[in-house]
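**Student:** sequence and computational prediction follow.
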There are 2 protein chains.
Amino acid sequence: MAEKKYHHGDLKNALIEAGAEILSKEGVNGLSLRKVASKAGVSHAAPYAHFPDKQTLIAAISTEGYRRLYEHIDAAVQKHPDDPLRELFEAAWAYISFAMSDPAHFKVTFSGVVEKEKDYPAFVEMSKKSFGLVVRIVTDCQAAGILKPGPAEVTAVSVWSLVHGIASLLIEDQISHTVLDRMSVRELVIFGLNQTTLVELTPDQFPLPD
Amino acid sequence: MAEKKYHHGDLKNALIEAGAEILSKEGVNGLSLRKVASKAGVSHAAPYAHFPDKQTLIAAISTEGYRRLYEHIDAAVQKHPDDPLRELFEAAWAYISFAMSDPAHFKVTFSGVVEKEKDYPAFVEMSKKSFGLVVRIVTDCQAAGILKPGPAEVTAVSVWSLVHGIASLLIEDQISHTVLDRMSVRELVIFGLNQTTLVELTPDQFPLPD
DNA sequence: TGGTAATCTTGACGCCGTCAAGATTTGCGT
DNA sequence: ACGCAAATCTTGACGGCGTCAAGATTACCA
């Protein structure tokens, strides 16, 4: 396959893929339309057949990042059915480890590429889908007496904010090294969640896979 | 003052100021060296006498944003001496309201302009100074039985992460409107902090000034 | 099968970050 | 007080960028 034809065949997805790769390796400042086009093997203006401008391409890359994040979390959660506490922790850990594994992509996804101008429906849909997953886990934890009772959506926002905050501050290198020297990131997440749960969490409750 | 001389006199700070203004009004994508120079009344290459490149100018603007944030928080905290719980809440509220008042500046400050390449000592200093303030408040809250005992620095990271997460998700419009329709942002912050404190928080404990 | 729409290329425009060379001013050592 | 080196700012140029217009090539449907 991949014969060189005049028409690419699936250029739109190829551009998103190429863009995600450049973003990972060179950061958001190294991401240009012309480089993306070049990497996909087309001329510098070809992307305009599929995206009205650069912002929209970046929005598509953001949406793809959101999709990967969701699936990463969902896979981690599904490994522990009927264990709400474990679901909560592994979802948090999946979120944070994903952010650390591809900081530039995570940043673009959550750094307001959607510059207020337009809304990007696919992006909003991923946002709602992810939030729904958190709400479901929080609800299960409340039913199990692990989290305080109350409106699940509000508690979900609190928990998500904590996790998102840890992820953001970590990849911005804003978390004090006096803390990171004392404990692993995994232990830090446990400590953070400990503040919100009604039960006491210890690292041995959450062994690493393998 | 402000006579038109060949030498500006304080161009470095004027560039930071002009840059912060453009950033506020046009967002990070509208921030160019040439516009900053033009706004400061100098030619397009004049900034290179004070900053080696654009990244360094942005780092200086970030540092200025961090400084404003610190002073905003510090002023709010100093209104409630000998009231650790109030200090904790007002610091959190100051952080989040600052982020909402100038989202673009806040984003740049905490969106990894410091692209790993170099470190900017003044920025790191503001970071440490701010963290020290949080640690002090957390320590006081622990002494008053408001927060769980334990290493204050780790608890400070947790609290800061929660607050930073709320601020980030708010300005990215990532927080579900089903939640924001139900309560004000101030109540959301109270609800979030409620998860971490040992005492019960209610909105009437934290009346708005004026 | 023919023509229209989709896709891609080529070329151009102005803005951008950056550098080199030169003009102007400051300020320090003597 | 003077002169000169350093600091500061201007001008001009370069390639890369996002974007648009015109044209070439291909796909598809009536």
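**Tutor:** Nice, thanks for sending it over.

**Student:** the residue nearest in space to the middle of chain A sits in which helix or strand?
**Tutor:** Geometric centre of chain A, nearest residue: residue A:69, 3.9 Å, by CA atoms, centre = their mean. Per DSSP states H and E: residue A:69 is located in helix A:54-77.

**Student:** which strands and helices sit next to the helix or strand following that helix?
**Tutor:** Toward the C-terminal end, the helix or strand that comes next after helix A:54-77 (DSSP H and E) is helix A:84-101. Contacting helix A:84-101 under the criterion 3 or more CB pairs under 8 Å, 6 or more residues apart in numbering or on different chains; DSSP states H and E are the following elements: helix A:54-77, helix A:121-143, helix A:152-171, helix A:185-194. For the C-beta atoms, the positions are set from N, CA and C on the backbone; glycine is no exception.

**Student:** turn those into a markdown table, including mean pLDDT and distance to residue B:203.
**Tutor:** Below are the helices and strands packed on helix A:84-101 laid out as a markdown table (pLDDT from 0 to 100; distance: least, CB to CB, whole Å):
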| stretch | mean pLDDT | distance to residue B:203 |
| --- | --- | --- |
| helix A:54-77 | 97 | 32 |
| helix A:121-143 | 97 | 22 |
| helix A:152-171 | 97 | 13 |
| helix A:185-194 | 96 | 25 |
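
**Student:** between these, which one is nearest to DNA strand C?
**Tutor:** helix A:54-77 (11.7 Å; CB to the nearest atom of the strand).

**Student:** alpha carbons of that closest one, as CSV, please.
**Tutor:** This file holds the C-alpha atoms of helix A:54-77, laid out as CSV (Å, rounded to 0.1, in the frame of the first residue of the first chain):
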residue,chain,number,x,y,z
LYS,A,54,-4.5,25.9,11.7
GLN,A,55,-6.6,26.3,14.8
THR,A,56,-9.1,23.8,13.5
LEU,A,57,-6.3,21.3,12.8
ILE,A,58,-5.0,21.8,16.3
ALA,A,59,-8.5,21.3,17.7
ALA,A,60,-8.7,18.0,15.8
ILE,A,61,-5.3,17.0,17.3
SER,A,62,-6.6,18.0,20.7
THR,A,63,-9.7,15.9,20.3
GLU,A,64,-7.6,12.9,19.3
GLY,A,65,-5.5,13.5,22.5
TYR,A,66,-8.7,13.5,24.5
ARG,A,67,-9.9,10.3,22.8
ARG,A,68,-6.6,8.6,23.7
LEU,A,69,-6.8,9.8,27.2
TYR,A,70,-10.3,8.5,27.6
GLU,A,71,-9.4,5.1,26.3
HIS,A,72,-6.3,4.9,28.5
ILE,A,73,-8.5,5.6,31.5
ASP,A,74,-11.3,3.4,30.5
ALA,A,75,-8.9,0.5,30.0
ALA,A,76,-7.4,1.0,33.4
VAL,A,77,-10.8,1.2,35.0
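
**Student:** quick check, it touching DNA strand C?
**Tutor:** No: using CB under 7 Å from any atom of the strand, helix A:54-77 stays clear of DNA strand C, coming no nearer than 11.7 Å.

**Student:** mind listing what's buried in that helix?
**Tutor:** A:54-55, A:57-70, A:72-73, A:76-77 (16 or more other CB atoms under 10 Å in any protein chain shown).
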